[in-house]
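Participant: Sequence first, predicted model second:
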Amino acid sequence: MCNAWNHSLSCQCGWGGDGHLGRTHDSQRRGRSFAVVAVLRYRDLLDAYTKANAQCPVCNAPVYFYQSDRGGRVFFDELGPPWPKHPCTDTTATRTAETVAAFQSGTWQPLLIESFARTPTYVHCYAVSGHTTSGHIAFFIRSSRLNLRAPFFVYCRNDGTIRLSSVQPYMNGFATVELPAWRSLLRASRAPVDSWSREESVELQLFELLSRRSTGGEV
């Protein structure tokens, strides 16, 4: 089911809240510039990033629920780096300190992706443009398998470098990933492609090998 993460501004699915093209009448759309629609759309996205969308089944605290395309489910205390999982349902780690929400840190900002276009010159290089709380942003990344219907955060450092952070499908669940982005297409073209994706490929091969052994199949 569509969950409204990073839909195009022309999406007609009906999700996205007030100002989203899927929920405005034709009379409301006339005369609206693309920039105006983008700002309204970003406000809705910002609400989704800053207002909890679920309740913990254990302690009833407000949490952010995310389900990947591969079925993995998780409750977050906050969205964005360092993506703190809610302790009641997280059995993999113990939180030792309170974390600051990404959108309150002054560094990471929610990113509404408007366009994600393959460049004709370089393999796995994409031109990305979108909106943040600071305004419009454009950059290049190198990736072979980003799922755009996932929450994204962006960090524009003082030295001009850019980092992206997201929750992406991984194995039968999900993974929080961080990858570099560049203003220069040439620099992006020289970057390695999805080290986290290569790690998944190795893990899947190992998983398949172990599955065959446990079922008595040939290796």
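Facilitator: Structure's in. What do you need?
Participant: name the element the residue nearest to Ile141 when sequence neighbours are not counted belongs to?
Facilitator: Using Cβ to Cβ, 6 or more residues apart in numbering and skipping the chain neighbours, the partner closest in space to Ile141 is Ala181 (4.7 Å). Just so you know, the C-beta spots here come from the backbone N, C-alpha and C atoms, and that holds for glycine as well. Assigned by DSSP states H and E, Ala181 belongs to strand 173-181.
Participant: Sketch out the low-pLDDT regions of this protein for me.
Facilitator: 1-39, 69-71, 91-106, 171-172, 195-219 (pLDDT under 70).
Participant: show me where it has strands.
Facilitator: For the chain, the strands defined by DSSP state E cover 54-55, 62-67, 73-76, 108-110, 112-118, 125-132, 135-142, 152-156, 162-170, 173-181.
Participant: residue contacts, the nearest residue to Pro81 once chain neighbours are set aside?
Facilitator: Spatial nearest neighbour of Pro81, chain neighbours left out: Ser165 (4.7 Å); criterion: Cβ to Cβ, 6+ apart. The contact partners of Ser165, taken as Cβ atoms under 8 Å, 6 or more residues apart in numbering, are Gly80, Pro81, Trp83, Ala102, Trp108, Phe152, Phe153, Val154, Tyr155, Thr176, Val177, Glu178.
Participant: Could you take those residues and lay them out as a markdown table, with extra columns for neighbour count and distance to Gln67?
Facilitator: Below are these laid out as a markdown table (neighbours: other Cβ atoms under 10 Å; distance: Cβ to Cβ, whole Å):
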| residue | neighbour count | distance to Gln67 |
| --- | --- | --- |
| Gly80 | 30 | 18 |
| Pro81 | 18 | 20 |
| Trp83 | 24 | 15 |
| Ala102 | 24 | 20 |
| Trp108 | 23 | 22 |
| Phe152 | 24 | 17 |
| Phe153 | 24 | 19 |
| Val154 | 24 | 23 |
| Tyr155 | 20 | 25 |
| Thr176 | 17 | 15 |
| Val177 | 19 | 17 |
| Glu178 | 14 | 21 |
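Participant: wait, Val167 sits on Phe153?
Facilitator: No: with contact defined as Cβ atoms under 8 Å, Val167 does not reach Phe153; the gap is 9.9 Å.
Participant: one step back: do you know how far the residue nearest to Pro81 is from Thr121?
Facilitator: The gap separating Ser165 from Thr121 is 27 Å, by Cβ to Cβ, to the nearest Å.
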